[in-house]
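Colleague: Only the shape, not the letters, is given here:
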């Protein structure tokens, strides 16, 4: 069954999507010029915004029928603007877990996820001292540690150099395949998409 | 105790001379607000003269209807002012603010006049001036609370979006902003309690002492009104924000900032 299917979806002059299907367990990259509605598509997929027309289905059921808070815990979206609390890396995990009413992971688990995102810093490092790229990866690590069913990344490599981007996406994809997480990423980096995508959706 | 010296018009007029000092300083510092000063002092004078005339009439002919009218006007004006200072909030939020100000105001006024002072609610000599103090402070508190809340959620839009996208409930995301705004709105009132009687002899107490009331009675009134003001600010701000923030998200748990 398709994980997501969009049928003739429109949102007030911003963007329209004729027919889009996203399959479960695969890595889908969404490419296209800026302003063509890539980020909007991700927001539609976890019901952070609603379309003005058309239907979006998740696992065969209209997305509007889901409890949207629970849906977003399964279908996590990492936006382009990275937000971290002005606090240590460990406390960021604690605070984000608190907002989702979950108990935070152990230090070993946290370190494991940081490692996966090529971060080898002490958990006591204050996030205010991190570079843009480090912040981005810490944030990916936090979201990944929630073990969502679907991980949606909006320009995950925008603040990273080429080799770090490669490493991050390589690790992410490996982890997602192993743990049956569907990965959806918006990017303008065609090479990266060609190398790692199972499916590429090109938007005009 | 002596009765207060009744001011005659000439004596009274002298006080306006002090405004000349203000004007001179403003001119010296190139503060371009002399128009505001003139308009402000003029409006203040006219409004108070009117209030004086109306109150004189009401005290001579006490009637529940007058109390009701005066109180309604005060509440309406306080709602209008609090909302006019906070343009960016939605209709339902505005209605909740109006209800919160009205109900908390009325509750504290009723408690104070009938419970503490122990006179009839329809006694204009007590209800009207006390309502003025209560509503005025409630209005300032609610204005500040709304402003803080609205500014903070606008500044922290990235935080709010981030948390929403990862599956935090809107309630969990927004409640900390509510709590912070209630605290900010309450702080000036709490701080004013500290200086009371030392740095400042407040208006009501001064007034009562001038008119010949025993200072011991005056301070009891002052203590009571300060506590009433603290309560009304807290209650009105809390109710406005606690019931109001829910208007910012819909059934799909999508947050709209206005």
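Modeller: In hand now; what should we look at? All of these numbers come straight from a predicted model, not from anything done at the bench.

Colleague: show me where the chain has strands.
Modeller: All of this is about chain A. Assigned by DSSP state E, chain A shows strands spanning A:2-11, A:15-23, A:27-31, A:53-58, A:61-62, A:75-78, A:150-154, A:182-186, A:199-202.

Colleague: ok, the closest residue to residue A:161 other than its chain neighbours - how many residues close by?
Modeller: Counting by CB to CB, 6 or more residues apart in numbering or on different chains, residue A:161 lies nearest to residue A:133, which is 7.5 Å off, once chain neighbours are set aside. Any C-beta I mention is one placed from the backbone N, CA and C, and that applies to glycine too. Residues lying near residue A:133 (other CB atoms under 10 Å in any protein chain shown) number 19.

Colleague: For residue A:133, which residues are in contact?
Modeller: Residues in contact with residue A:133 (CB atoms under 8 Å, 6 or more residues apart in numbering or on different chains) are A:159, A:160, A:161, A:164.

Colleague: of these, closest to residue B:206?
Modeller: residue A:159 (61.2 Å; CB to CB).

Colleague: Number of residues surrounding that closest one?
Modeller: Neighbourhood size, residue A:159 [other CB under 10 Å]: 17.

Colleague: One more: residue A:191?
Modeller: Per other CB under 10 Å, the neighbour tally for residue A:191 reads 11.

Colleague: Any figure for the gap between it and residue A:166?
Modeller: Applying CB to CB, to the nearest Å, the value for residue A:191 to residue A:166 is 10 Å.

Colleague: same check, this time on residue B:190
Modeller: To residue A:166, residue B:190 is 56 Å away according to CB to CB.

Colleague: What score does the residue nearest to residue A:161 have for pLDDT?
Modeller: On pLDDT, residue A:133 comes in at 90.

Colleague: Chain B contacts on chain A?
Modeller: Neighbours of chain B within chain A, by CB under 8 Å from any CB of the partner chain: A:43, A:46-50, A:64, A:68-74, A:76-79, A:81-83, A:96, A:99-101, A:143, A:146.

Colleague: Just the buried residues of those.
Modeller: The neighbour-count criterion (16 or more other CB atoms under 10 Å in any protein chain shown) marks A:43, A:46-48, A:68-69, A:71-74, A:76-79, A:82-83, A:96, A:99-100, A:143, A:146 among these as buried.

Colleague: so who does residue B:235 touch?
Modeller: By CB under 8 Å, 6+ apart, the contact set of residue B:235 is B:100, B:104, B:107, B:108.

Colleague: again with residue B:204
Modeller: B:129, B:133, B:218, B:221, B:222, B:225.

Colleague: The residues you listed in helices, which ones?
Modeller: Within those, residues falling in helices by DSSP state H are B:129, B:133, B:218, B:221, B:222, B:225.

Colleague: chain center to stretch B:89-107: distance?
Modeller: When C-alpha coordinates are averaged (CA atoms, centre = their mean, to the nearest Å), stretch B:89-107 and its chain have centres 13 Å apart.

Colleague: actually stretch B:40-49, not the one I wrote
Modeller: The answer for stretch B:40-49 is 19 Å, by CA atoms, centre = their mean.

Colleague: in which helix or strand would I find the residue lying closest to residue B:63 once chain neighbours are set aside?
Modeller: Among residues not flanking residue B:63 along the chain, residue B:122 sits closest, at 8.0 Å (CB to CB, 6+ apart). For residue B:122, there is no enclosing helix or strand under DSSP states H and E.

Colleague: From the contacts of residue A:133, list just the buried residues.
Modeller: Judged by 16+ other CB under 10 Å, buried ones among the contacts of residue A:133: A:159, A:160, A:164.

Colleague: Out of these, which comes closest to chain B?
Modeller: Using CB to the nearest CB, residue A:159 is the member of the buried ones among the contacts of residue A:133 that sits closest to chain B, with 14.5 Å.

Colleague: With residue A:173 as the reference, measure out to that closest one.
Modeller: 19 Å.

Colleague: cool, and residue A:200?
Modeller: Taking CB to CB, one finds residue A:200 at 14 Å from residue A:173.

Colleague: For the two, indicate the residue with more neighbours.
Modeller: The residue with more neighbours, out of residue A:200 and residue A:173, is residue A:173; 18 against 15, by other CB under 10 Å.

Colleague: Tell me who's in contact with the more buried one.
Modeller: A:27, A:183, A:196.

Colleague: Using a markdown table, lay out the residues you listed together with pLDDT and distance to residue A:127.
Modeller: As requested, the contacts of residue A:173 are exported to a markdown table (pLDDT from 0 to 100; distance: CB to CB, whole Å):
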| residue | pLDDT | distance to residue A:127 |
| --- | --- | --- |
| A:27 | 94 | 28 |
| A:183 | 95 | 25 |
| A:196 | 92 | 27 |
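
Colleague: Please identify which of those is nearest to chain B.
Modeller: Distances from chain B to the contacts of residue A:173, taken by CB to the nearest CB, are shortest for residue A:183, at 15.7 Å.

Colleague: Mind listing the residues bridging to that closest one?
Modeller: residue A:27, residue A:151 (DSSP bridges).

Colleague: Output the below-cut-off pLDDT ranges for chain A.
Modeller: Chain A contains no residues with pLDDT under 70.

Colleague: And the pLDDT at residue B:2?
Modeller: Residue B:2 is assigned a predicted lDDT (pLDDT) of 61.

Colleague: Check residue B:196 too.
Modeller: Reported pLDDT for residue B:196: 84.

Colleague: gap between the residue nearest to it when sequence neighbours are not counted and chain A?
Modeller: Using CB to CB, 6+ apart and skipping the chain neighbours, the partner closest in space to residue B:196 is residue B:226 (6.3 Å). As judged by CB to the nearest CB, to the nearest Å, residue B:226 and chain A stand 37 Å apart.

Colleague: Tell me the spacing between residue B:226 and residue A:200.
Modeller: Taking CB to CB, one finds residue B:226 at 68 Å from residue A:200.

Colleague: repeat for residue B:58
Modeller: In terms of CB to CB, residue B:58 sits 78 Å off from residue A:200.

Colleague: In three-state terms, label the residue of chain B found nearest chain A for me.
Modeller: Nearest residue of chain B to chain A: residue B:167, at 3.4 Å (CB to the nearest CB). Three-state call for residue B:167 (DSSP: H, G, I helix; E, B strand; the rest coil): coil.

Colleague: Would you confirm that it contacts residue A:66?
Modeller: No - assessed by CB atoms under 8 Å, residue B:167 is found out of contact with residue A:66, at 11.6 Å.

Colleague: higher neighbour count, these two?
Modeller: The neighbour count for residue B:167 versus residue A:66, taken as other CB under 10 Å, is higher for residue B:167 (25 against 18).

Colleague: longest helix anywhere in chain A?
Modeller: Across chain A, the longest stretch assigned as helix under DSSP H is helix A:162-178.

Colleague: tell me which residues of that helix are tucked away?
Modeller: Neighbour counts over helix A:162-178 (16+ other CB under 10 Å) mark A:164, A:165, A:166, A:168, A:169, A:171, A:172, A:173, A:175, A:176 as buried.
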